[in-house]
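Chemist: Provided below are the primary sequence and the corresponding predicted coordinates.
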Amino acid sequence: MRHKEQNRKQGRERVYMTVRVRFFARFRELFGSEVSTEVRDGTSLTDLVKQIAEKNSEGNAAIFDEQGAFLGLVFH
């Protein structure tokens, strides 16, 4: 689902979309089976995952290292 928001200061439209993320195994235990969230068009996968993970400190630690990079077991 997409919708637009007019940025009145700059006269530009921002396009938002609802993204559904499904989790499995350990991540399902931490975040539940599914999360829907709204993101701006052009949002990176890393930013999307950070947006979701920041709501759960244990989940964040299971996905990212201290520098904010994905752990090797998450993405190869």
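Modeler: Here it is on my side, so go on. As the structure is a computational prediction, the values presented were derived from the model and not from experiment. Residues are numbered from 1 along each chain as shown.

Chemist: residue ranges of the strands in this structure, please?
Modeler: For the chain, applying DSSP state E gives strands covering 2-7, 12-22, 34-40.

Chemist: looking at this protein, which helix is longest?
Modeler: For the chain, the helix that runs over the most residues, judged by DSSP state H, is helix 45-53.

Chemist: got the angle between it and strand 12-22?
Modeler: Note on geometry: by axes from the mean of the first three to the mean of the last three C-alpha atoms, to 10 degrees, helix 45-53 and strand 12-22 are set 70 degrees apart in direction.

Chemist: can you list the buried residues in helix 45-53?
Modeler: By neighbour count with 16 or more other C-beta atoms under 10 Å, helix 45-53 contains the buried residues Val49, Gln51, Ile52, Ala53. (Each C-beta comes from the backbone N, C-alpha and C, glycine too.)

Chemist: now do stretch 58-74
Modeler: With the criterion 16+ other C-beta under 10 Å, stretch 58-74 contains buried residues Gly59, Asn60, Ala62, Ile63, Phe64.

Chemist: who's in contact with the fourth one?
Modeler: The contact partners of Ile63, by C-beta atoms under 8 Å, 6 or more residues apart in numbering, come to Phe27, Val49, Ala53, Phe70, Leu71, Val74.

Chemist: gap between the residue lying closest to Arg26 once chain neighbours are set aside and Arg14?
Modeler: In space, and not counting its chain neighbours, Arg26 is closest to Ala62: 6.5 Å by C-beta to C-beta, 6 or more residues apart in numbering. Shown here: Ala62 relative to Arg14, a distance of 31 Å by C-beta to C-beta, to the nearest Å.

Chemist: for Asp41, same thing?
Modeler: Distance, Asp41 to Arg14, by C-beta to C-beta: 7 Å.
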